[in-house]
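Q: Pasted the sequence and its predicted model underneath.
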Amino acid sequence: MKKLVNIVEETGEGLVKLMGERVTLFCMNYIYEGKLIGVNTQDILLEDAGIVYETGSFSDSKFKDRQAVAKLMYVRTGAIESYAVLDKK
């Protein structure tokens, strides 16, 4: 049997590590994209935020249909299913 015996706690992981990056958030109902400029336990803050209605191919340099929403937009962390830096706009 293999066992995990060493647990290391690292600070500055997850969303905090991505501060200042353009992130794509896959949420319960929508896909959001923007520059991550704020993180707390309940919300994140995106600058130059948009909703992605159609991604197109993930190998493309841009989303097929991204609609700008607001200069600043808050997204609830509880709605986020996954996130990544995709280098798209």
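A: Noted; the coordinates are in hand. Residues are numbered from 1 along each chain as shown.

Q: and Ser82, what are its bridge partners?
A: Judged by DSSP bridges, the bridge partners of Ser82 are Phe26.

Q: That one and Ala68, how far apart?
A: Separation of Ser82 from Ala68 (C-beta to C-beta, to the nearest Å) stands at 22 Å. In this view, the C-beta of every residue, glycine as well, is placed from N, C-alpha and C.

Q: More neighbours: which of these two?
A: Ala68 (12 against 8; other C-beta atoms under 10 Å).

Q: residues touching the nearest residue to that one once chain neighbours are set aside, list them.
A: Setting aside the residues directly before and after it, Ala68 is nearest to Gly50 in space (C-beta to C-beta, 6 or more residues apart in numbering), at 4.9 Å. With contacts defined as C-beta atoms under 8 Å, 6 or more residues apart in numbering, Gly50 is in contact with 32-34, 66-69.

Q: before we move on, what about Thr55?
A: Listed by C-beta under 8 Å, 6+ apart, the contact set of Thr55 reads 31, 63-64.

Q: Could you identify the buried members of those residues?
A: The neighbour-count criterion (16 or more other C-beta atoms under 10 Å) marks 31, 63 among those as buried.

Q: So for this structure, the centremost residue is which one?
A: Central residue of the chain (C-alpha atoms, centre = their mean): Leu25, 3.4 Å from the mean position.

Q: wait, isn't that one in contact with Glu33?
A: Yes: Leu25 is in contact with Glu33 according to C-beta atoms under 8 Å; the separation is 7.3 Å.

Q: want to try a markdown table for the contacts of Thr55, with distance to Asp43 and secondary structure as columns?
A: Shown next, in a markdown table, are those (distance: C-beta to C-beta, whole Å; DSSP: H, G, I helix; E, B strand; the rest coil):
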| residue | distance to Asp43 | secondary structure |
| --- | --- | --- |
| Ile31 | 17 | strand |
| Phe63 | 23 | coil |
| Lys64 | 28 | coil |
